[in-house]
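Trainee: give me the fold of what follows.
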Amino acid sequence: MVGGRLEVVEVTPMEGGQDLLVRWAPGGSGGWEARYRFTYAAGLISVADLQYA
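Mentor: Numbers count the residues shown, from 1 in each chain. I've put the predicted structure just below:
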């Protein structure tokens, strides 16, 4: 298991889901930003696209 902190910076609604800009900072680092896009079907997450930039 890796320790650290995940902060949601921005949430943008999109058709069928939402797009999150997050900052992931493992212990002892400044971290980096990533985009997490979630698509829903029948009220559940059907697709999770986790893009690290």
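Trainee: need the per-residue pLDDT for the residue nearest the centre of the chain.
Mentor: Closest to where the C-alpha atoms of the chain average out (Cα atoms, centre = their mean) is Tyr36, at 3.3 Å. Each residue has a pLDDT score; the one for Tyr36 is 94.
Trainee: quick one, what contacts it?
Mentor: Asp19, Leu20, Val22, Ala48, Asp49, Leu50, Gln51 (Cβ atoms under 8 Å, 6 or more residues apart in numbering). Where C-beta positions appear, they are placed from N, C-alpha and C, glycine not excepted.
Trainee: could you do Ser29 as well?
Mentor: If you count contacts by Cβ under 8 Å, 6+ apart, then Ser29 has Gly4 around it.
Trainee: again, 10 Å this time
Mentor: Residues in contact with Ser29 (Cβ atoms under 10 Å, 6 or more residues apart in numbering) are Gly4, Arg5.
Trainee: helix/strand/coil for it?
Mentor: Using DSSP: H, G, I helix; E, B strand; the rest coil, the secondary structure recorded for Ser29 is coil.
Trainee: how near is it to Glu15?
Mentor: Note on Ser29: its distance to Glu15, by Cβ to Cβ, to the nearest Å, is 35 Å.
Trainee: also Ala48?
Mentor: Counting by Cβ to Cβ - Ala48 and Glu15 are separated by 16 Å.
Trainee: compare neighbour counts for those two and give me the winner.
Mentor: Neighbour count, other Cβ atoms under 10 Å: between Ala48 and Glu15, Ala48 has more, with 10 against 5.
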